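> The following block contains a protein sequence and its predicted model.
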Amino acid sequence: MATTSTAPPAVGTGSDQLQADIVAALRSRTTLPPYDEVLRLIDTLKGHLAPLVDQAKEHHPGDGAWHQAIAGAEFQLRAGPGNGLVSATHRLQALALCLLHFQRHLHRHMAAGDR
């Protein structure tokens with residue numbers, strides 16, 4: 001089952017919805033979430049991550065550390081959910097951590113004037 005549904009509109013880096021989506025993806029559970037929920041969250045997080053990757057490319061084109069982070073994020077954006085619920089849940093968590101990294105570091109750099 002592919003996760004190529006229409007991406008949600010981009011949300012600002014400090015939005016409550018962005019934070020809620022990250023928390024939902026990283027929530028500790030004793031059972032796995034429903035597969036449809038995992039696929040929906042994967043699509044949602046990809047929708048949040050893509051504009052941050054574009055922003056990082058624009059503001060940090062020659063920075064080696066950012067180049068590596070961008071390459072990792074682009075892999076996350078291209079990757080599918082895997083073969084089942086466990087792999088999809090792992091993909092979801094990897095996306096959430098990647099998004100959290102970009103959100104924190106881009107916000108910090110932008111606030112510090114590294115534009």
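In hand now; what should we look at?
> ranges for the helices of this protein?
In the chain, helices defined by DSSP state H lie at 16-26, 35-59, 64-78, 85-111, listed in chain order.
> mind listing what's buried in the second one?
Taking 16 or more other CB atoms under 10 Å as the basis for neighbour counts, the residues of helix 35-59 that come out buried are 38-49, 51-53, 56. C-beta coordinates here come from the backbone N, C-alpha and C atoms, glycine included.
> Out of the residues you listed, which comes closest to Q76?
Relative to Q76, the closest of these is L49; by CB to CB it sits at 6.8 Å.
> Distance of that closest one relative to A79?
Counting by CB to CB, to the nearest Å, the separation of L49 from A79 is 12 Å.
> what do you get for C98?
Distance from C98 to A79, by CB to CB: 11 Å.
> And those two? Which one has more around it.
C98 (22 against 14; other CB atoms under 10 Å).
> hang on, that one packs against K46?
No - using CB atoms under 8 Å, C98 makes no contact with K46, being 10.0 Å away.
> list the contacts for the closest residue to I70 other than its chain neighbours?
Once flanking residues are discounted, I70 sits nearest to A56: 5.5 Å by CB to CB, 6 or more residues apart in numbering. Contact partners of A56, counting by CB atoms under 8 Å, 6 or more residues apart in numbering, are W66, A69, I70, A73, F102, L106.
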